[in-house]
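**Student:** Fold the following.
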Amino acid sequence: MIPWLLAALSLCTPGTGLPPRHMDSVIRMVEALESPHAGVTVTVAELARALGGCGTPGCRAVLGEPPVVPTAPPALSPDRWQLLTRLLHRDAAVPGAVLAPDGSTVALGPLLAGIEVGLRRAGGGRVPVLDPPVDALYAVTIAEALGTSFLLARAGAGATLGPGGCWDDVDDPQNYTLLGPPSPVPDAVANGAMDGVLLGNRLAGDPIRVAELLRGYYGTGNGTEEGRPPSSYRRRDFGALAGPGKLEEEVLAMLRVLRALPPTRELLEAVGAEEEAAIARRAARDFTERYVECPAIVPRCMWGARPYRGTPKPLALPLGSVYIHHTFSPGAPCRSFAACARAMRAMQRFHQDARGWDDIGYSFVVGSDGYVYQGRGWHWVGAHTKGYNSRGYGVGYVGDFSATLPDADTIALVRDELLPCAVRTGRLRHNYTLRGHRQMGHTDCPGDSLFREIETWRGFVPCPGPGGSSDDTIEAEAEGRV
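**Tutor:** Sure thing, here's the model as predicted:
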């Protein structure tokens, strides 16, 4: 494999005892570097490039050779300077990834590269014109990474996108471990790239200090309870700004640029024009399906799940049904990563300790923070709808929705994103049926208001379903009451 790609294929790093790898830490460093007495002669984005945040051939072709690596600025303590250097140094084992307040993990390289393009455009700075022409904002954030990833996998070997991962401690994140085989575009890089496009585009039209931009976009404090930050809308906003046609166009243009660069020329030697176009089309399609049309799902290790008790029973996919629940208690919707993670842990404790189940009963739980939380997940039988657990997924909304509804975005998270995604990925049949929990047992779940809402959804069936199979009868009825 080409040596400069090796750094993109791992996001796990040993503990360092440095400041936590929170976005908050980054914002505080940026704030210090932007102060009038910082003693820094380059912008924060240029400093990031000097430290290796834009070390790939395509990024260097677009933004130019990086400045000379500076000495530690007096505005940063030795610990903060060491953290920043580790987060951005391309020769390190890890591309710098940090935990954002919304619970997502963001790679700093593409984020700050996009910010540099925005700053240059806002200030009339020079962005080289390449042949063929590329949109610099997409080139340095996502187009090169996508093109390279799908080039490497063109023979059918290797992952092209993902995986996600988990931090060792969300309060003091130091180590981030991937949950599967690595690709050049793991979830952290995808998040950083989408954020880089969105924030670079905003800076180009409304130049403000980078610290102010980051603070407003990500929110402040990992435990903020003040509602959804703009970063939790990154998939929706990126999709609105960069449709698949735009993304395909930019990946194709970047592949043609890479063909002329010595480090990447060998990847394209045997690739003709038709195959090049097919690679760009597939890359844009797959990225859009995974990161724009499907919702982000918070894995169990991120919300602090206990281990499953016993041996999970596999589901036979695709399933034919979905059962909608509300948790009833917690009765208030959770509107932040910290609050939703607490609710998940509380429900799991109740289901395991009070009900005696092997795990949290739901397949998935929906927060009002913009995220779906993994319960039993796509592949394991849950304990959500007595008699029907092996036939369908149980999806529970956090809150009591007897008299009120989840907000429109939270309703759409399941109706317009999770369920269509499950169909596209082969986990749910295209002609699936959807019912409220009350139709399958003696319960008011999912509450009168939410039930009236799901009556309007695709697949809703007004009558009760058939009896469950005999292997479901050992499962208890679950309403998630905590």
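**Student:** The stretch 151-300 of the chain: strands as residue ranges?
**Tutor:** 165-167, 176-178, 297-298 (DSSP state E, counting those that start in this stretch).
**Student:** Turn the ones you listed into JSON lines, columns for distance to A278 and mean pLDDT.
**Tutor:** Every residue, glycine included, has its C-beta placed from N, CA and C. Shown next, in JSON lines, are those (distance: least, C-beta to C-beta, whole Å; pLDDT from 0 to 100):
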{"stretch": "strand 165-167", "distance to A278": "30", "mean pLDDT": "95"}
{"stretch": "strand 176-178", "distance to A278": "28", "mean pLDDT": "93"}
{"stretch": "strand 297-298", "distance to A278": "29", "mean pLDDT": "98"}
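**Student:** which one of the ones you listed lies closest to P244?
**Tutor:** strand 297-298 (21.4 Å; C-beta to C-beta).
**Student:** Give the pairing partners of that closest one; include direction for each.
**Tutor:** Take DSSP bridges as the rule and strand 297-298 pairs in its sheet with strand 372-374 (parallel).
**Student:** one step back: need the strands of the stretch 151-300 of the chain in CSV (columns: distance to S77 and mean neighbour count).
**Tutor:** Formatted as CSV, those follow (distance: least, C-beta to C-beta, whole Å; neighbours: other C-beta atoms under 10 Å):
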stretch, distance to S77, mean neighbour count
strand 165-167, 23, 21
strand 176-178, 23, 18
strand 297-298, 32, 20
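**Student:** For the nearest residue to E276 once chain neighbours are set aside, give its distance to R60.
**Tutor:** Using C-beta to C-beta, 6 or more residues apart in numbering and skipping the chain neighbours, the partner closest in space to E276 is L255 (5.4 Å). Using C-beta to C-beta, to the nearest Å, one gets 17 Å for the distance from L255 to R60.
**Student:** same deal with V257?
**Tutor:** 11 Å.
**Student:** who's more crowded, those two?
**Tutor:** When neighbours are counted by other C-beta atoms under 10 Å, V257 comes out ahead of the other of V257 and R60, with 22 against 16.
**Student:** who are the neighbours in contact with that one?
**Tutor:** 58, 61, 130-132, 134, 139 (C-beta atoms under 8 Å, 6 or more residues apart in numbering).
**Student:** so what's P67 up against?
**Tutor:** By C-beta under 8 Å, 6+ apart, the contact list for P67 reads 42, 46-47, 49-50.
**Student:** wait, I meant D135
**Tutor:** 143, 250, 253.
**Student:** Model confidence score at it, please.
**Tutor:** pLDDT, D135: 94.
**Student:** before we move on, what about L76?
**Tutor:** So L76 comes in at 90 (pLDDT).
**Student:** Hmm, it is touching M29, no?
**Tutor:** Yes. Counting by C-beta atoms under 8 Å, L76 does reach M29; the two are 6.1 Å apart.
**Student:** list the residues that contact both of the two?
**Tutor:** Common neighbours of L76 and M29 (C-beta under 8 Å, 6+ apart) are L84.
**Student:** In a markdown table: the strands of the stretch 151-300 of the chain, plus distance to F287.
**Tutor:** Converted to a markdown table, the strands of the stretch 151-300 of the chain look like this (distance: least, C-beta to C-beta, whole Å):
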| stretch | distance to F287 |
| --- | --- |
| strand 165-167 | 18 |
| strand 176-178 | 18 |
| strand 297-298 | 17 |
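**Student:** For R209, which non-adjacent residue is spatially closest?
**Tutor:** E34 (5.4 Å).
**Student:** Please work out how many residues are found near the one you found.
**Tutor:** Applying other C-beta under 10 Å, we find 16 residues neighbouring E34.
**Student:** circling back: which of the contacts of D135 has the most neighbours?
**Tutor:** Greatest neighbour count in the contacts of D135, by other C-beta under 10 Å, goes to A143: 32 neighbours.
**Student:** Quick one: residues contacting it.
**Tutor:** Counting by C-beta under 8 Å, 6+ apart, A143 has contacts 58, 134-135, 247, 250-251, 253-254.
**Student:** Please repeat the previous calculation with a cut-off of 6 Å.
**Tutor:** 250-251, 254 (C-beta atoms under 6 Å, 6 or more residues apart in numbering).
**Student:** and if you look at Y371?
**Tutor:** 296, 298.
**Student:** And it, how far from G394?
**Tutor:** Distance from Y371 to G394, by C-beta to C-beta: 17 Å.
**Student:** Also D409?
**Tutor:** Relative to G394, and taking C-beta to C-beta, D409 is found at 21 Å.
**Student:** what does V197 give?
**Tutor:** 36 Å.
**Student:** Once you drop chain neighbours, what's closest to Y308?
**Tutor:** Using C-beta to C-beta, 6+ apart, the closest residue to Y308 is D359 (4.8 Å).
**Student:** re the thing from before, in helices only, show me the contacts of A143.
**Tutor:** 250-251, 254 (DSSP state H).
**Student:** quick revisit: what about L76 and M29, which has more around it?
**Tutor:** Of the pair L76 and M29, M29 is the one with more neighbours under other C-beta under 10 Å, namely 23 against 20.
**Student:** Could you say which helix or strand holds that one?
**Tutor:** Taking DSSP states H and E as the definition, M29 sits inside helix 23-33.
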